[in-house]
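Visitor: Can you look at this prediction? I've put the sequence above it.
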Amino acid sequence: MNKLLLIFSCSLATLLPRIIPYFASRYLSRLPRFIRKCMLLLPVAALGALIFPLALTDFGAMWYAGLAGVFAAFLVSLFRGPMILSIVVALVSTTGMLLAFSA
Amino acid sequence: MAISCKELREGVKDGFPIFLGYFTTALAFGLLTRTSGFSFVEGVLTSAVTFAGSGQFLMMNLYNAGSLFLSIVVSVFFINSRYIFMASSLSQRLLDPSSISGRLMCGFGTVDEVFTVASFKGRKLSYSYMAGLIFISYIGWVSGTALGFAAGTILPEVVQKAAVITVYAMFASLLGSEAGRNAKALLVAALSALLNSLFILVLHLSTGLSFLISMIAATIFGALIYTDKEAGLE
C-alpha cells in the first residue's frame, strides 16, 4: 500500500466533513428553529459521549483510575475551579489510583 | 480580517489544557506510527495534515490489521462524520462568518476539544481567538507525535497511562461548569454517556457510529427539555 496516498486520503476524509459546513452556514441559518436549537445544544450532548465509556476503557482493568480522574475534574469545576486545576487534580487522582493498585 | 493580539493570547491561554492533553496523546500516536513501520516523516506528516485523534488511531489500527485501502478511508470518514455536526454548530458562533481563510482555518481546527472549548466560551468567536486556540492545540499534536516517534519508549509507563486522563479531565471540567450554570446539562450528557456506553460495551457497535447516534439522540432530548432562552436561541 502506498503510505503517502493513504495519509492524504485519510486527511481528506477528516478535513472535508470539518470544512464544508463552514461554507454552508447561509443554508444552516435558514433551517427550522428546532434544528438550530439542536445545533446549540450539540456541545452539551457531545460531552457525555466524549467522556464515556472511553475514559474507563482506556484504562482496561483499572477503569476506576479513569473514573476517579473524571469525577475529580468534574467536582473541581462544579465548584467553579479553573480548568487547569481540574486537570491537575485529575492527574493526581488517576496517578494515585494507578500507583496504589498496580502492585 | 484584523488580528487582535489580545484575542489571540486568550485563545492560546484557553487552548493550553488542550495542548497538554494532545501532546501526551500524540506521544502514544508517534510511538504507534514507528512500531507500524512508518518513517519519522510519514508519522509526523500524518498528524500534520490530518490533525485528528481517534481518526488517526483508527487509521493505524486498520493499517496494521492489513485492511484494504478503501475500507480504511471509509472507516476514517465514518468516525469523523461527527465533525459535520460539530462544524455546523460552531459555524453559527463565528463573529464574522464571511472570511474564507478564517473559515478554512476553523474547519481545519474543528477537533473535539477545540469545538467544546470554543462552544462554551459563551460569546461570539473572533478569528484571532480561534487562531490562538487552534494553533496551540496543533503544535501540541504535531510536536507530541514527533517526540513520541523519537523517544516514546523513554517515558515511564505510569506517566504515559496517567496522561491519558488529561483530555477527559478537560471534558469533565467543561461539563462541571456547564452543569453549575444549568443542571439540565447533566441530564443531556448523562443520556449521551449512557447510550454511547451501551452501544460500545454491550452492542459492540463501532466507536464512530455509536458516538454519532448517542450525540444526536441526546441533542434532540436536550432541545426538548431546554427552553429556547436556556439554549441561547435568539
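Guide: Nice, I can see it.

Visitor: How is the chain partitioned into domains?
Guide: Since you didn't name a chain, this refers to chain A. Domain ranges of chain A: A:1-30, A:43-101, per automatic domain parsing.

Visitor: nope, chain B
Guide: Looking at automatic domain parsing, the domains of chain B come to B:5-166, B:182-234.

Visitor: quick one: terminal-to-terminal distance for stretch A:15-23?
Guide: End-to-end distance of stretch A:15-23 (Cα to Cα, to the nearest Å): 13 Å.

Visitor: Tell me how far that stretch lies from the chain's centre.
Guide: Chain-centre distance of stretch A:15-23: 19 Å, with Cα atoms, centre = their mean, to the nearest Å.

Visitor: same question, stretch B:105-118
Guide: Distance, centroid of stretch B:105-118 to centroid of chain: 7 Å (Cα atoms, centre = their mean).

Visitor: could you give me the average pLDDT of the helix or strand where residue B:222 lies?
Guide: Using DSSP states H and E, residue B:222 falls within helix B:207-225. The average pLDDT within helix B:207-225 is 91.

Visitor: Run through the neighbouring helices and strands of it.
Guide: Judged by 3 or more Cβ pairs under 8 Å, 6 or more residues apart in numbering or on different chains; DSSP states H and E, helix B:207-225 is in contact with helix A:33-51, helix B:53-64, helix B:69-80, helix B:82-91, helix B:184-197. (C-beta placed from N, C-alpha, C; glycine too.)

Visitor: Any part of the fourth one near chain A?
Guide: Yes. Remark: helix B:82-91 sits within contact range of chain A at B:82-89, B:91, by Cβ under 8 Å from any Cβ of the partner chain.

Visitor: now do the third one
Guide: Yes. Figure legend: helix B:69-80 in contact with chain A (Cβ under 8 Å from any Cβ); contacting residues B:69, B:72-74, B:76-77, B:80.

Visitor: Among those residues, filter down to the buried ones and hand me the ChimeraX syntax, if you would.
Guide: Buried residues within those, by 16 or more other Cβ atoms under 10 Å in any protein chain shown, are selected in ChimeraX with:
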select /B:72,73,76,77,80
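
Visitor: I'd like the residues of helix B:69-80 next to chain A as JSON lines, with pLDDT and distance to residue B:157 appended.
Guide: Listed next are those as JSON lines, based on pLDDT from 0 to 100; distance: Cβ to Cβ, whole Å:
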{"residue": "B:69", "pLDDT": "91", "distance to residue B:157": "34"}
{"residue": "B:72", "pLDDT": "88", "distance to residue B:157": "29"}
{"residue": "B:73", "pLDDT": "92", "distance to residue B:157": "33"}
{"residue": "B:74", "pLDDT": "87", "distance to residue B:157": "34"}
{"residue": "B:76", "pLDDT": "88", "distance to residue B:157": "29"}
{"residue": "B:77", "pLDDT": "89", "distance to residue B:157": "33"}
{"residue": "B:80", "pLDDT": "87", "distance to residue B:157": "30"}
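
Visitor: pretty sure residue A:19 contacts residue B:108?
Guide: Yes. The pair residue A:19 / residue B:108 is scored as a contact, 6.8 Å apart, by Cβ atoms under 8 Å.

Visitor: can you list the weak-confidence ranges in chain A?
Guide: A:103 (pLDDT under 70).

Visitor: Of all residues in it, which one is nearest the centre?
Guide: Centroid-nearest residue in chain A, with Cα atoms, centre = their mean: residue A:50, separated by 3.8 Å.

Visitor: neighbours around residue A:84, how many?
Guide: 16 (other Cβ atoms under 10 Å in any protein chain shown).

Visitor: right, I mislabeled it, should have said residue B:198
Guide: Residue B:198 has 14 nearby residues by other Cβ under 10 Å.

Visitor: how much space between it and residue B:210?
Guide: 9 Å (Cβ to Cβ, to the nearest Å).

Visitor: Next: residue A:64.
Guide: For residue A:64, the distance to residue B:210 - Cβ to Cβ - is 22 Å.

Visitor: and these two? which has more neighbours close in?
Guide: residue B:210 (21 against 15).

Visitor: In contact with the more buried one, which residues?
Guide: Contacts for residue B:210 (Cβ atoms under 8 Å, 6 or more residues apart in numbering or on different chains) come out as A:49, B:195-196, B:199-200, B:203.

Visitor: Next: residue B:197.
Guide: A:52-53.

Visitor: For it, give me the pLDDT.
Guide: 96.

Visitor: What distance do you get for it to residue A:49?
Guide: Applying Cβ to Cβ to residue B:197 and residue A:49 gives a distance of 9 Å.

Visitor: Also residue B:65?
Guide: Counting by Cβ to Cβ, the gap from residue B:65 to residue A:49 is 25 Å.

Visitor: Please apply the same query to residue B:135.
Guide: 27 Å.

Visitor: tally of neighbours for residue 18?
Guide: Looking at chain A here, since you left the chain open. Neighbours of residue A:18 using other Cβ under 10 Å come to 24.

Visitor: hmm, I had chain B in mind actually
Guide: Neighbour count for residue B:18, taken as other Cβ under 10 Å: 26.

Visitor: What of residue B:68?
Guide: By other Cβ under 10 Å, the residues close to residue B:68 number 10.
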